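> With the sequence up front, the predicted model follows.
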Amino acid sequence: MVSFFDSRYESTFNEIATTNTLNQVNGRLMSHSQPQTTYTPTNDLSNTILSQHIIPPKTRMFLIRRTFLLIVTFDAIFMVLLWIIYNQIRNITIDEAFKKEVINYSIKSSLFDVVGLSGMRFIILMIPYAILRWSHWIFVAFTTLSSTGFILAKTCVFTIDETNKSATNYIILIASFILAWVEIWFFDYRVIPHERRLREALNHGERRQLIHSYGSGSISPNSLLLNHHHHHHTAITPNEQHQSFYSPLYSVDGSDTEDTRHEPLRAVHSDSNVSRSLLATSTSYLDDDKIDDYQNQANDTINEIWKIYKDENSWCNELKSRDGLDTVVSKTFPKWGKVFRLTGTVAAPRSLIVEMLFEQQDDIPKWNQSVIDCQILQVINSDLYISYQLTGEQAQGFITKRDFVNLTARRCIDGATILAAQACLHPRMPPKDTCVRAENGPTAYIIEKIDETTCKFTWLLNVNLKGWIPQYIINSALAGVQLGLVEALRKYISKTVDVTSSYSSSPGDHTI
């Protein structure tokens, strides 16, 4: 009996201890929602996206819906303006036109019914989509089909006065027809998919605790960070004292082994030998003309990058790390569009940084969590190869997976090592249906030696992500990705140096 009560007492004690531990962990996680002293790019990026897009549909209107309602409002105002211009061309005052086309209305001679048709669309669409916040397509389908039928019927019976022929008669009919179809196209292909995606992000099981926090007036940035760093978050009922449990995120599709990012750091050094030997052996089956084309493209890319790098005028601030050490600025160039430039310092020898970013390109997914896959497709020579890179979702899923095929080159100019990349085509990696093929313009890492253990690190990024994405989301995402990469690079170098030093100082570690 004593043994039985002791075991019961021990079990109860363990349950109480476990509950207290979970409560303490939860309390610490909630405390992280206060301002941080160190920079975490995911926090700023997630808060930016949430504040602009992921908002409960009952409190504020989605941005894409406001755009649709602006189109509907423009439809009504534009048709009234056209009708006034039409009567001015005919030298008829508004009073006379109102008596002739409204009071003495005839479908054969009046164009005011087309204006009334736009007003009908405005009223019918504003009530369900602006006031009631409904999302069904039936209302915009009704207005478009009814407008189309009426305009087709009117076109068959409408007669134009021989003495007042003008292009305005036709413009009013054609404009009303086009605007009606623009509204249904925008609502069906833009509003519905975009809002469905936002609601799924809000209502998905792994974000329920985040929604609860939002409703209470506070959002914990670290809850976003935990979700981003390979955890599912499941909220338990309030009766369980807000305990939270985390389970591992699913593996990448097609992966039959563990994530290589969790491998021991010593495995990285074994891979680097493979990369160096691969770069030392150029591809033999490329003809000379093709090799010359690749080399000329690489030279042109290097020249463009050097011009952009030396340009110091009119760069605009985009984002800065909390400690102020890393800054992202941008500038629009007529030939390439927007170019982002990150500037910071990395405490590592230049040779180590170049080795990690150029010779060990296959190992980038091990330390950069925004990259899913990275591989060298074809080697031209030791300083030039074609690479493939697959990136994961960014900006809380608003930017889906993107893959890149780049011509990657290494050059040294005025003491600076340039690792340049630009989009190219390769038969081994055609575009896939599972992700969007994005294209890099002149893009490069530029590493300059400050002293034996510190380098200036610059990243010029010019990319066309393709797809329909608002520009401010792209700006926030790309700036956050840049700051995230340099921070991940620092952490990985720090861990690699620590492990390497401990490995070399412990002879017992060499034996298996």
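Received, thanks.
> Going by neighbour count, which residues in the helix or strand hosting I77 are buried?
Using DSSP states H and E, I77 sits in helix 63-89. Across helix 63-89, burial judged by 16 or more other C-beta atoms under 10 Å covers 64-65, 68-69, 72, 75-76, 78-79, 82-83, 86-87. The way it works is simple: take the backbone N, C-alpha and C, and place the C-beta from them, glycine included.
> Among those residues, list the two that are farthest apart in space.
Among the buried residues of helix 63-89, the pair separated by the greatest distance (C-beta to C-beta) is I64 and N87, at 36.1 Å.
> Between the two ends of stretch 444-461, what distance do you get?
With C-alpha to C-alpha, to the nearest Å applied, stretch 444-461 spans 7 Å between its terminal residues.
> what comes into contact with it?
Stretch 444-461 has contacts (C-beta atoms under 8 Å, 6 or more residues apart in numbering) with 301, 305, 308-309, 339-350, 353-354, 357, 415-421, 442-443, 478, 482, 485-486, 489.
> Okay, and which of those residues map to strands?
339-346, 416-421, 443 (DSSP state E).
> Top of these by number of neighbours, please.
With neighbours taken as other C-beta atoms under 10 Å, the top of these is A420, carrying 26 neighbours.
> quick one: that one from I386, how far?
13 Å (C-beta to C-beta, to the nearest Å).
> Give the residues shared as contacts by the two.
With C-beta under 8 Å, 6+ apart as the test, A420 and I386 both reach T408.
> Of the ones in strands among the contacts of stretch 444-461, which pair is most distant in space?
Most distant of the ones in strands among the contacts of stretch 444-461, by C-beta to C-beta, are T345 and A421, 22.1 Å apart.
> Now do R411: how many residues are near it, please.
19.
> and it, that's in a strand?
Yes: counting by DSSP: H, G, I helix; E, B strand; the rest coil, R411 is part of a strand.
> Show me what it bridges to in the sheet.
I418 (DSSP bridges).
> That one against V354, yeah?
No: assessed by C-beta atoms under 8 Å, R411 is found out of contact with V354, at 11.2 Å.
> buried residues in the helix or strand harbouring L460?
In this structure, L460 sits in strand 454-461 according to DSSP H and E. Of the residues in strand 454-461, C455, F457, T458, W459, L460, L461 count as buried by neighbour count, 16+ other C-beta under 10 Å.
> Then stretch 95-106?
Under the neighbour-count rule (16+ other C-beta under 10 Å), stretch 95-106 has A97, K100, E101 buried.
> Same list (those) but as CSV, adding distance to W181 and pLDDT.
Below are the buried residues of stretch 95-106 laid out as CSV (distance: C-beta to C-beta, whole Å; pLDDT from 0 to 100):
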residue, distance to W181, pLDDT
A97, 28, 89
K100, 30, 87
E101, 25, 88
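> Give me the below-cutoff pLDDT ranges for the stretch 351-500 of the chain.
395-398, 497-500 (pLDDT under 70).
> So which residues of it form helices?
All helices of the stretch 351-500 of the chain, identified by DSSP state H, counting those that start in this stretch, fall at 364-367, 471-505.
> Restricting to C-alpha, output the first one in PDB.
The one in question is helix 364-367. Output of helix 364-367 as PDB, limited to C-alpha atoms (Å, rounded to 0.1, in the frame of the first residue of the first chain):
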ATOM      1  CA  ILE A 364      23.700  26.900 -48.600                       C
ATOM      2  CA  PRO A 365      20.400  25.300 -47.500                       C
ATOM      3  CA  LYS A 366      22.100  24.000 -44.400                       C
ATOM      4  CA  TRP A 367      22.500  27.400 -43.000                       C
END
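> which helices and strands does it pack with?
Under the contact criterion of 3 or more C-beta pairs under 8 Å, 6 or more residues apart in numbering; DSSP states H and E, helix 364-367 touches strand 371-381, helix 471-505.
> out of these, which comes closest to I138?
helix 471-505 (29.9 Å).
> List the neighbours of stretch 123-141 that are in contact with it.
With C-beta under 8 Å, 6+ apart, stretch 123-141 has contacts from 57-58, 61, 65, 68-69, 72, 142-143, 183-184, 187-188, 191-192, 195.
> Of the residues you listed, just the buried ones, ChimeraX syntax please.
Listed next is the ChimeraX selection for buried residues among these, using 16+ other C-beta under 10 Å:
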select :65,68,69,72,143,183,184,187,191,192
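> out of the contacts of stretch 123-141, which are inside helices?
R65, F68, L69, V72, F142, T143, E183, I184, I192, E195 (DSSP state H).
> Give me the pLDDT value at the fourth one.
Think V72. Looking at V72, its pLDDT is 95.
> which residues does it contact?
Per C-beta under 8 Å, 6+ apart, neighbours of V72: R121, F122, L125, M126, E183.
> how close does it get to G116?
Taking C-beta to C-beta, one finds V72 at 15 Å from G116.
> Quick check: can you list the domain ranges of this protein?
Following automatic domain parsing, one gets these domains for the chain: 2-31+204-248, 63-201, 260-504.
> R322: which of the buried residues of helix 63-89 is nearest?
Closest to R322, out of all of those and judged by C-beta to C-beta, is I64, at 31.7 Å.
> wait, doesn't the closest one sit right on R190?
Yes: counting by C-beta under 8 Å, R190 is a contact partner of I64 at 6.0 Å.
> Contacts only, for T143.
M120, R121, I124, L125, A180, E183, I184.
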